[in-house]
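> Here is a sequence together with a model predicted from it:
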Amino acid sequence: MRSMILGSLLALGLAFSFGAARAAPDQGEFTIRPPYTPAPELTTRPGVPMGAVRTLTMKSADSKFYSGISKEKPGELVPYVRVVNVYIPAGLKAGRPMPFMVVQDGESPRYREVLPTILDNLIAQKKIPPMVAVMVNHGGGDGWGSERGLQYDSVSDRYARFIEAEVLPRVAKQYGITFTKDPEGRGTMGGSSGAAAAFSMAWFHPELYRRVLSYSGTFVNQEHARDPENGHGAWGFHETLIPNSPKKPIRIWLHVSERDNRNTADEASMKNWVIANRHMAAALKAKGYDYRFVFSEASGHVDPVVVNQTLPGALTWLWKGYKAR
């Protein structure tokens with residue numbers, strides 16, 4: 001019996017030590033290790049209703065928030081076209097307020113090609129509610145001085161306001177979707193800097209977003225431009241913002257890999273992803289947040305084998321307890 005339970009837990013991507021056999025706790029910290037196996041929800045199943053994926057584009061010239069920047073020539077505008085992929089679940093009813101996830105790096109194959117099948121299967125299994133996924137790509141580049149860096153690594157509410165003012169209205173109008181106003185029905189997710197952006201959305205606007213899923217989150221000092229109030233970028237979340245602020249109604253699933261970015265850097269650098277995410281978990285725990293932290297051994301930054309094993313379970317955990325209003 002004990003071996004059967006352990007096998008079931010490993011299949012969910014959870015490995016931990018225990019005495020007597022018992023169910024996995026809802027919250028806490030877990031370690032997973034190879035061999036990593038794709039979850040069954042990644043496979044299209046006969047008879048499961050399939051949602052549709054639609055694609056639209058947004059021009060930087062039309063944006064009041066992100067009009068394009070040049071990493072090589074600061075101050076010079078560089079036009080770009082943003083791709084937004086929208087997953088629409090089967091059987092969508094016009095006018096029905098829909099829960100949804102905002103997904104950063106929406107052109108990444110792990111989201112554009114894999115996430116829709118996962119959602120189809122989880123919705124069919126009634127593990128998550130029927131929902132829309134708005135997979136929003138960035139404006140180009142990466143790291144400091146890039147459009148992606150500006151959008152994702154800035155510790156502010158600017159990105160959340162951009163999503164609310166420009167992305168969701170465009171998607172709603174073009175595809176006839178009514179997005180729920182209930183913050184419990186609004187989630188956001190991403191990997192790396194996209195995960196930092198996801199957390200920023202919920203942190204600065206918990207009245208809009210309360211569910212966050214983070215893979216290899218860039219909770220390090222990588223902010224696009226120095227903020228005089230928070231000079232350490234997203235490192236500031238676990239350094240000062242979470243510890244010094246009242247608990248917010250945010251539920252968060254977060255992950256980091258053993259071989260994640262800058263894993264040998266010292267803490268003083270504020271550039272070690274492993275240390276940063278461990279600090280995030282500790283800060284969330286200390287304040288009593290609803291959180292689950294997963295550490296994956298022998299794996300790298302936003303490692304596809306880890307994502308493929310854990311994403312269905314992560315989404316199931318993230319949406320636990322949701323009831324449509």
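Arrived safely.
> so what's the one residue sitting closest to the centre of the chain bridging to?
Nearest to the mean C-alpha position of the chain, by CA atoms, centre = their mean, lies Met189 at 1.7 Å. Per DSSP bridges, the residues bridged to Met189 are Val103, Leu213.
> In contact with it, which residues?
Neighbouring residues of Met189 by CB atoms under 8 Å, 6 or more residues apart in numbering: Met101, Val102, Val103, Gln104, Ala195, Ala198, Val212, Leu213, Ser214. C-betas here are computed from N, CA, C, even on glycine.
> can we see that at 10 Å?
For Met189, the residues meeting the contact criterion (CB atoms under 10 Å, 6 or more residues apart in numbering) are 101-105, 111, 115, 133, 135, 195, 197-199, 201, 211-215, 253, 311, 314-315, 318.
> Filter the residues you listed down to the ones in strands?
Met101, Val102, Val103, Gln104, Ala133, Met135, Arg211, Val212, Leu213, Ser214, Tyr215, Trp253 (DSSP state E).
> hmm, which of these are the buried ones?
Met101, Val102, Val103, Gln104, Ala133, Met135, Arg211, Val212, Leu213, Ser214, Tyr215, Trp253 (16 or more other CB atoms under 10 Å).
> Is the nearest residue in space to the first one that is not next to it in sequence in a helix, a strand, or coil?
Closest residue in space to Met101, ignoring its immediate chain neighbours: Gly187 at 4.4 Å, by CB to CB, 6 or more residues apart in numbering. Using DSSP: H, G, I helix; E, B strand; the rest coil, the secondary structure recorded for Gly187 is strand.
> what's near enough to touch Gly187?
Contacts of Gly187 by CB under 10 Å, 6+ apart are 99-103, 128, 131, 133, 198, 201-202, 209-213, 251, 253, 315, 318-319, 322.
> What's the separation between it and Ala198?
Per CB to CB, to the nearest Å, Gly187 is found 9 Å from Ala198.
> Can you work out which residues contact both of these two?
Met101, Val102, Val103, Tyr209, Arg211, Val212, Leu213.
> The last one contacts Leu315, doesn't it?
Right, the one you point to is Leu213. Yes - with contact defined as CB atoms under 10 Å, Leu213 reaches Leu315; the gap is 7.0 Å.
> Show me the common contact partners of those two, please.
Here Leu213 and Leu315 have Met101, Gly187, Met189, Trp253 as joint contacts, going by CB under 10 Å, 6+ apart.
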